[in-house]
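Enquirer: Sequence and predicted structure, then a few things I'm wondering about:
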Amino acid sequence: MKWIKRFGPLIVIALAVAVVIASGVADHLSLVELKARRDQLQGFVTLHPALSFGLYILIYIAVVSLSLPGALVMTLSGGFLFGPWFGAVAAASGASLGAAVIFLVCRSAVGDSLRGKAGSTISRIEEGVRRDAFSYILTLRLIPVMPFWLVNLAAGFVDIPLRTFLSATVLGILPGSLVYAGLGSGLGEVFASGQEPNLRVIFEPHVLLPLVGLGLLSLLPVVLRRFRKSEKTS
């Protein structure tokens, strides 16, 4: 029972990924599919707005928790179906909850074991990361220097509270979600014109630089704490 409790969720996710890939469901997470089914989807949202909102979040949770390559399309779809503000909130909620699933599974399956076998050096590094976990995770979410799924896995190896991980993730991905949901809200015109949406908009200076600035600002408490500590020891 102990092994089932520890590795059961990981096995379930692995099996779910295999089933999704084999069934071809992941192939439908594309702008081509969104364009083809836009009238059906918008009609369903008009008839069942609350249900559509909830289903969208659940699907987003599944996409992220299974690490499927469709998060960007999901965020664009959120803006397309619910508008930039509600779309961004729905996308950030689904992505954050999906990330929390991976975080918890990773921590229960291998995190405890790795921490138990870690040496003193690794333990000291973990202690430093744990002390400033909110700032580190927030920075990694704001500045996409690491893939989203990799941050979820890495955080699971560190003994930090779920609330810290979840709150930093929500705040960190919300600005990017607003950008892409805003872009998604204009997909109707893009589809009608036959043009391709500019998905690299987040890397344009007027968008990327403020995000980098926020990321660096989130590290300020860590820098100040280290500076004060060095002053006391000198």
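Expert: Done, it's in.
Enquirer: where along this protein do the helices fall?
Expert: Per DSSP state H, the chain carries helices over the ranges 2-23, 31-36, 38-47, 49-65, 71-82, 84-106, 112-117, 120-131, 133-142, 148-156, 162-185, 187-193, 205-218, 220-233.
Enquirer: same question for the last one, mean pLDDT?
Expert: To tie it back to what came earlier, the one meant is helix 220-233. For helix 220-233, the mean per-residue pLDDT is 63.
Enquirer: Quick check: which ranges of the chain have low pLDDT?
Expert: Across the chain, the ranges flagged by pLDDT under 70 are 1-11, 20-25, 109-129, 196, 198-203, 205-211, 216, 220-234.
Enquirer: what residue is smack in the middle of the protein?
Expert: The residue lying closest to the centre of the chain (Cα atoms, centre = their mean) is residue 95, at 4.3 Å.
Enquirer: Correct me if wrong: residue 88 contacts residue 184.
Expert: No: using Cβ atoms under 8 Å, residue 88 is not in contact with residue 184; the gap is 9.2 Å. Quick note: C-beta positions are derived from backbone N, CA and C, even for glycine.
Enquirer: residues shared between the contacts of these two?
Expert: Shared contacts of residue 88 and residue 184, defined by Cβ atoms under 8 Å, 6 or more residues apart in numbering, are found at 75, 78, 79.
Enquirer: Now rank those residues by neighbours and give me the top one.
Expert: Counting neighbours by other Cβ atoms under 10 Å, the top entry in these is residue 78, with 30 neighbours.
Enquirer: List the residues that contact it.
Expert: 56, 60, 86, 87, 88, 90, 91, 177, 181, 184.
Enquirer: For the closest residue to it other than its chain neighbours, give its distance to residue 103.
Expert: Nearest residue to residue 78, sequence neighbours excluded (Cβ to Cβ, 6 or more residues apart in numbering): residue 87, at 3.5 Å. To residue 103, residue 87 is 24 Å away according to Cβ to Cβ, to the nearest Å.
Enquirer: re the thing from before, out of the shared contacts of residue 88 and residue 184, the closest to residue 164 would be?
Expert: residue 75 (23.7 Å; Cβ to Cβ).
Enquirer: tell me the contacts of that closest one?
Expert: Contacts of residue 75 by Cβ under 8 Å, 6+ apart are 87, 88, 91, 95, 177, 180, 181, 184.
Enquirer: Could you measure from it over to residue 88?
Expert: From residue 75 over to residue 88 (counting by Cβ to Cβ), the distance is 8 Å.
Enquirer: likewise residue 218?
Expert: As judged by Cβ to Cβ, residue 218 and residue 88 stand 19 Å apart.
Enquirer: now swap in residue 212 and tell me
Expert: Shown here: residue 212 relative to residue 88, a distance of 20 Å by Cβ to Cβ.
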